[in-house]
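Peer 1: Turn this into a model:
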Amino acid sequence: MLIDTLRYELPPEGITLLGYIVRRMHKTDWLVKAVDLLAKNKKAEALEAVALYAVSSSTSFGRAYYQPQFNRAGETIQERDPITGASVSAKLERSSPAYHITYTAALDGGETFHGSETILGTTIGLRGLGMPAPSKFVFKAADYEVELTGTITSELALSLFGNTRIRAYGSLDFKDNAGNTGHLDLNRQGYVTLTINGNPAVTHALIRVMWLEGLKLSPQPL
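Peer 2: Down below sits the predicted model:
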């Protein structure tokens, strides 16, 4: 059965903001790939995989079925990624004057991805309603570490026919403790243009659909 990623992140029975964020982060196969690359001493390639996880776990693309219910400050949601088994949790640190959220993805091998974002509010533009979120991320695997910073803006593209869409755009700068550096840009069509160490840019399409096989989900690129 083929399901839209947004239908998983925004299930028909409803979900809270933190629940949505946790499910949005259920793309930790990128982190597993990074760990596999580190085992082969391919640190620049591992940095790319971590960067792709950071941007894909911060965004959603597709039909916006509804607005998640708001959590109270201090609440935490935790769930395992059904693909990798990684433990993912998100906490609403505060709701005023802006929503500040922290989250963690922890792999069974001890590798961790920590992030935080501050949703500054809603902006109104010709393309829709934007919610910019300055963000910071840290990935750690043994003695290897990555830092990423930037702003990702989630956007609701309104439609006269009631088919509101959610998408995102923004950029991240990142570096690791092996001397590798990089930058990525995300556009509203869901494409990431990424450069590492000044090499020619590479473009990726974010994963947007998943196969549902019993209780296990397997990501499939478009």
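
Peer 1: Starting from Tyr66, give me the distance back to the closest residue to Ile119 other than its chain neighbours.
Peer 2: Of all residues not flanking Ile119 in the chain, Tyr99 sits nearest, at 4.2 Å (C-beta to C-beta, 6 or more residues apart in numbering). The way it works is simple: take the backbone N, C-alpha and C, and place the C-beta from them, glycine included. As judged by C-beta to C-beta, to the nearest Å, Tyr99 and Tyr66 stand 18 Å apart.

Peer 1: Settle it for me: which of these two has more neighbours?
Peer 2: Between Tyr99 and Tyr66, Tyr99 has the larger neighbour count (other C-beta atoms under 10 Å), namely 20 against 10.

Peer 1: what about the more buried one, distance to Glu147?
Peer 2: Tyr99 sits 23 Å away from Glu147, taking C-beta to C-beta as the criterion.

Peer 1: What is the helix or strand containing Ala54 packed up against?
Peer 2: Using DSSP states H and E, Ala54 sits within helix 43-56. Under the contact criterion of 3 or more C-beta pairs under 8 Å, 6 or more residues apart in numbering; DSSP states H and E, helix 43-56 touches helix 29-39, strand 112-119, strand 128-141, strand 144-157, strand 165-176, strand 181-186, strand 191-196.

Peer 1: hmm, who's touching that helix?
Peer 2: Residues outside helix 43-56 that contact it (C-beta atoms under 8 Å, 6 or more residues apart in numbering): 27-28, 30-31, 33-35, 37-38, 113, 115, 135, 137, 139, 144, 146, 148, 152, 170, 172, 174-176, 178, 180, 182, 184, 186, 192, 194, 196-197, 202, 204, 206-207.

Peer 1: hang on, Thr59 is in a strand, isn't it?
Peer 2: No: counting by DSSP: H, G, I helix; E, B strand; the rest coil, one finds Thr59 to be coil, located in no strand.
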